[in-house]
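Asker: need a structure here:
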Amino acid sequence: MFTVKFVGGAKKSFPVEQLKIDQSDLTIHELINLLLELKPADAPKLDTDNVLIAINGADSSVMDGKFTIIQENDLVSIIPVIHGGASKKINFEFSKKLIQVVEIKGQKSINVKFIDDLRKKYPKIILQAVSSNYILNNYHLKKIISLSIESEKNNILLSNKLETDILMRFALTTQISDAIKNAGIKFNINFAIIAIGNKKTLNSLYLELKPLSSPMFLKNNESFLKKQFKITTKHTSSIISKNPLADILVEKASVLL
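Answerer: Numbers count the residues shown, from 1 in each chain. Take a look at the predicted model:
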């Protein structure tokens with residue numbers, strides 16, 4: 001037997017905050033299917049594509065992902081990654097942190113100094129810039145940021161700063177210099193500004209960035225990311241997921257040491 005705890009919006013899908021499952025040795029994938037069967041028909045949909053699943057406080061994506069085995073007496077937490085926003089920005093909340101992502105149109109006049117100046121102007125916001133080429137889609141974006149926040153919570157960051165960890169996980173490298181070189185700001189290439197802070201300051205930041213912003217995810221980066229990280233079509237076709245490439249990228253990011 002193990003316990004499933006529903007956090008935040010996930011509680012709306014079930015009549016109880018915690019659910020006892022009288023089974024053991026289930027995988028995360030099997031648990032998801034079981035929960036979808038157990039959910040009352042008249043309850044709101046449980047969006048299993050936008051949740052983080054933790055076992056005893058540790059993100060399952062840093063274990064074996066959907067194939068992680070749930071043991072006897074484990075506590076499994078279902079944590080929604082809440083999102084919303086317009087096409088030129090994404091707002092979501094994870095682990096009580098507010099995150100805003102805005103895509104900036106690449107220009108010759110914009111370089112690394114751009115992010116440095118923003119950090120000086122908004123010292124209370126955690127800021128990072130990631131080349132849009134290294135972001136597959138909304139799902140991938142939220143999963144990587146959530147993974148970094150969860151790593152900070154569990155004191156397993158790849159570096160001593162959350163913002164650096166985020167860049168390294170998108171670049172899939174433990175070398176800060178390589179992360180900056182590959183996935184940092186480059187001339188004439190769109191990049192995403194990832195900001196973590198309070199609502200008022202994030203709104204102020206967006207008003208400043210809005211004139212420079214561009215609609216997100218217009219470019220399909222699938223081919224680039226497969227080539228960059230040597231991921232084959234055979235590999236993606238073997239993954240049981242609606243977002244196989246994104247899940248592979250997140251899995252690779254979760255096991256960086």
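
Asker: switch to C-alpha atoms for all contacts and neighbour counts from now on
Answerer: OK.

Asker: Residue ranges in this structure under the pLDDT threshold?
Answerer: 61-62, 82-87 (pLDDT under 70).

Asker: Quickly list the domain ranges of it.
Answerer: The record, using automatic domain parsing to delimit domains, assigns the chain the ranges 2-80, 83-254.

Asker: for F94, phi and psi?
Answerer: Backbone torsions for F94, taken as degrees, to the nearest 10, come to phi -150, psi 130.

Asker: For it, give me its contacts.
Answerer: By Cα atoms under 8 Å, 6 or more residues apart in numbering, the contact list for F94 reads 80-82, 146, 149.

Asker: could you point out which element follows the lengthiest helix in the chain?
Answerer: Of all the segments of type helix in the chain, defined by DSSP state H, the longest one is helix 138-153. Going down the chain from helix 138-153, the next helix or strand is helix 162-171, by DSSP states H and E.

Asker: Can you tell me which helices and strands that next one packs against?
Answerer: strand 126-131, helix 138-153, helix 176-183, helix 244-254 (3 or more Cα pairs under 8 Å, 6 or more residues apart in numbering; DSSP states H and E).

Asker: I'd like to know which elements the longest one is packed against.
Answerer: Applying 3+ Cα pairs under 8 Å, 6+ apart, we find helix 138-153 packed against strand 58-59, helix 162-171, helix 244-254.

Asker: Highest mean neighbour count out of the ones you listed?
Answerer: helix 162-171 (a mean of 25; mean count of other Cα atoms under 10 Å).

Asker: and the angle for the longest helix of the chain with helix 162-171?
Answerer: Orientation check (axes from the mean of the first three to the mean of the last three Cα atoms, to 10 degrees): helix 138-153 against helix 162-171 gives 130 degrees.

Asker: Now name the helix or strand holding V4.
Answerer: Here V4 is assigned to strand 2-6, by DSSP H and E.

Asker: Other residues contacting that strand?
Answerer: Contacts for strand 2-6 (Cα under 8 Å, 6+ apart): 17-24, 70-79.

Asker: and after it, which helix or strand comes next?
Answerer: strand 18-21.

Asker: which residues sit in contact with E152?
Answerer: Counting by Cα under 8 Å, 6+ apart, the residues that E152 touches are L162.

Asker: show me the contacts for the residue nearest to the spatial centre of the chain.
Answerer: The chain has K143 as the residue nearest its centroid, 1.9 Å off, counting by Cα atoms, centre = their mean. When contacts are counted by Cα under 8 Å, 6+ apart, K143 touches 52, 250.

Asker: give me the number of residues near P211?
Answerer: Around P211 there are 10 other residues, counting by other Cα atoms under 10 Å.

Asker: K200 too?
Answerer: K200: 8 neighbours (other Cα under 10 Å).

Asker: now do K242
Answerer: 9.

Asker: ok, now Q71?
Answerer: 16.

Asker: Repeat that for A195.
Answerer: Neighbour number of A195 under other Cα under 10 Å is 23.

Asker: how far away is the residue nearest to the centre of the chain from N33?
Answerer: 20 Å (Cα to Cα, to the nearest Å).
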